[in-house]
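> Turn this into a model:
(one chain, ligands or ions: 1)
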Amino acid sequence: MEDLKCPLCGKWNSATVQECTHCGWMFNFSGQTSVEKNPATENIPKYRIGTITKRTRIRWAIFSAILLLFFLSFHIVPSRLMIFPKENLSFSNTFITQKDINELIERYNNAFFERFSIQQEPLFKKLMEKGVIYDKSKKTD
Ligand SMILES: [Zn+2]
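Numbers count the residues shown, from 1 in each chain. The predicted model follows:
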């Protein structure tokens, strides 16, 4: 059995398929004009082709999961080239722009009674801790 090259998208399919698994092209088996040997895979047993694809998919899944976990667990401040862990796993505030920082400072400056509660916000605490924002009035020198 040979692999089938799809005449529409040019991708290779297992010889057992009726239509291209990539684009849905229906193979015409009566003419057999679209059947071509794939030099890259003709000597590789079928089960190995399947294994490689599966392994690649698993790698991508793991890579995506790591990336997702990274975005869930870190704050990224591009303007300061800073990355620091989040308080909890969350999608919020993954990227903290200078605008976000300015808004937070402005909110803090305009607040009076709420200042204490803003100080308790995990993001505010973290930014304070990292020196991204600081309270000038509390500076000792
Ligand atoms: Zn195709």
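
> what helix or strand is residue 125 on?
Assigned by DSSP states H and E, residue 125 falls within helix 122-129.

> what's the offset of that helix from the middle of its chain?
For helix 122-129, the distance from its own C-alpha centre to the chain's C-alpha centre is 25 Å (CA atoms, centre = their mean, to the nearest Å).

> Contact partners for residue 94?
71-72, 74-76 (CB atoms under 8 Å, 6 or more residues apart in numbering). Every residue, glycine included, has its C-beta placed from N, CA and C.

> would you list the residues you listed in TSV and tack on pLDDT?
As requested, those are exported to TSV (pLDDT from 0 to 100):
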residue	pLDDT
71	91
72	92
74	92
75	91
76	91
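
> and the residue nearest to residue 119 when sequence neighbours are not counted, how many neighbours does it have?
Nearest non-adjacent residue to residue 119, counting by CB to CB, 6 or more residues apart in numbering: residue 125, 7.3 Å away. Residues within reach of residue 125, counting by other CB atoms under 10 Å, total 13.

> Going through the contacts of residue 94, which ones are buried?
71, 75-76 (16 or more other CB atoms under 10 Å).

> Out of these, which comes closest to residue 129?
Set against residue 129, the nearest of those by CB to CB is residue 75 (11.2 Å).

> Filter the contacts of residue 94 down to the ones in strands?
Those of the contacts of residue 94 mapping onto strands are 74-76, per DSSP state E.
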